[in-house]
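Trainee: coords please:
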Amino acid sequence: MLDTAIVGAGPYGLSVAAHLKHSGVPFRIFGRPMDSWVSHMPKGMCLKSDGFASNIYDPKADFTLERFCKDSRIEYAHQGLPVRLQTFSAYGLAFRERMVPELEDKVVVSVDRTKEGFQLRLDDGETVSARRVVLAIGITHFQYIPDNLAKLPSEFLSHSFQHHNLETFKGHSVIVVGGGSSATDLAGLLHEIGVEVQLVSRRQVLRFHSGPSLKRRSLWQRMRHPGSGLGPGLRSRFFADFPMIFYYLPERLRVEAVRRSLGPSGGWFAKDKVMGKVPLLLGQTLQSAQVRDGRAHLQLRGADGTAREIQAEHVIAATGYRVDIDRLKFLSDEIRSHVETVETSPRLSSTFESSVPGLYFVGVAAANSFGPVMRFAFGAGFAARTVTNAIARSVSREPVPFPVRSIATTAK
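Mentor: Below is the predicted model:
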């Protein structure tokens, strides 16, 4: 019986594994290393988070992004220099090699409950029994597409999660729907390679993070708008540094804070790639979508009630992600039915454990419990420390199996 199985090998899964390893807790970790970053983010994009907030976490902070960049002779700055996707992906793979060589590049296809814990089945047919399971699955299962857009056939519609190499769109026309960083990144990158692209958003104005300032801020400015791993501001500082205090807020306040805070916005570096270059249709609500004459046609309605129709060969829904336990089909029906939820997200204990004993959720699935920081790599350190401490305490309390001698041996 394995003590702990980790499902997922992104920043959260790797951080949990590094901490469990340091604590001496036996584990196995399954997943394609850094899969969302390596295979599902568009080439050429940059992270919104600053360099100091883009680490994967080992207990001694021996292998930070800064250390990796120094060793690899890659330009790095704590702030003011965007972290390229290529750099972050390479850092994650190097972290895996150095800190978590135990990672098994296998996919967990099913998880069932047993009397002793859980049974996992892998894509190579192996079955694994474990007392505990830590789900560090990131955004992989939670792509969201609005219903009135989802009716388009798959050859005319895709989600932003599906696109790493945008070169396939050269010579075609594309509509990007959305107003956050995925939408602005895609629209800007598509424009750069010569794709005929339009961006449609129900937002009246696109929001972008503030760029770095060369001016030294006064003490008062630093107090009113302190820096944090999630950006400047008192609220961001609270979300970034005090997830456990956030956990003890009333549930209603937590859910509302997650819904409203740190909403869709592009990185400061994406602004120049989009504004004045990509045709923008802002303040537009999507009414319906159909395919006619081999093209996707979208019917829009503006804030003033004006109707219009646009068309393209393909539509990319950069409409974000919504956590929903029912979309985790690899979990058995029995497990999913027993996971208590808060608006389709798992209700978690202060140690990230769900209502199913031994089943933990970290990353974006834990946002309603621990705050918006769980949507960013910056939250992986807190999650890894908290889960590891809880599991290590449980392991120390569990009885050590006592070897049973045979009757014949005893008789001798």
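
Trainee: now do the strands in the stretch 51-200 of the chain.
Mentor: Counting by DSSP state E, counting those that start in this stretch, the stretch 51-200 of the chain has strands at residues 108-113, 118-122, 127-135, 157-159, 173-177, 196-201.

Trainee: is it correct that Leu253 falls within a helix?
Mentor: Yes. Per DSSP: H, G, I helix; E, B strand; the rest coil, Leu253 lies within a helix segment.

Trainee: and Cys69, which of the strands of the stretch 51-200 of the chain is closest to it?
Mentor: In this view, those are compared for proximity to Cys69 by C-beta to C-beta, and strand 127-135 is the closest at 28.6 Å. Bear in mind the C-beta positions are built from the backbone N, C-alpha and C, glycine included.

Trainee: which residues in the stretch 201-350 of the chain form strands?
Mentor: If you assign secondary structure with DSSP E, counting those that start in this stretch, the strands in the stretch 201-350 of the chain sit at 280-282, 284-292, 295-302, 307-312, 314-317, 341-342, 345-346.

Trainee: so Tyr144 touches Ala318, yeah?
Mentor: No. Under the contact definition of C-beta atoms under 8 Å, Tyr144 does not touch Ala318, with a separation of 10.3 Å.

Trainee: looking at those two, which is more packed in?
Mentor: A side-by-side neighbour count of Tyr144 and Ala318, using other C-beta atoms under 10 Å, places Ala318 first with 24 against 16.

Trainee: so what's the more buried one scoring on pLDDT?
Mentor: At Ala318 the predicted local distance difference test score is 96.

Trainee: with Ala240 instead?
Mentor: Here, the pLDDT recorded for Ala240 equals 95.

Trainee: how many other residues sit next to it?
Mentor: By the criterion of other C-beta under 10 Å, Ala240 has 24 neighbours.

Trainee: just Glu104 next, same as before
Mentor: Neighbour count for Glu104, taken as other C-beta under 10 Å: 15.

Trainee: what separation is there between it and Val274?
Mentor: 40 Å (C-beta to C-beta, to the nearest Å).

Trainee: same thing with Glu334?
Mentor: Distance from Glu334 to Val274, counting by C-beta to C-beta: 47 Å.

Trainee: of those two, who's got more company?
Mentor: Neighbour count, other C-beta under 10 Å: between Glu334 and Val274, Val274 has more, with 22 against 10.

Trainee: just checking, the more buried one touches Arg207?
Mentor: No. Applying C-beta under 8 Å as the test, Val274 and Arg207 come out as separate, 11.7 Å apart.

Trainee: intersection of neighbour lists for these two?
Mentor: Overlap of the contact sets of Val274 and Arg207 (by C-beta atoms under 8 Å, 6 or more residues apart in numbering) consists of Gly266.
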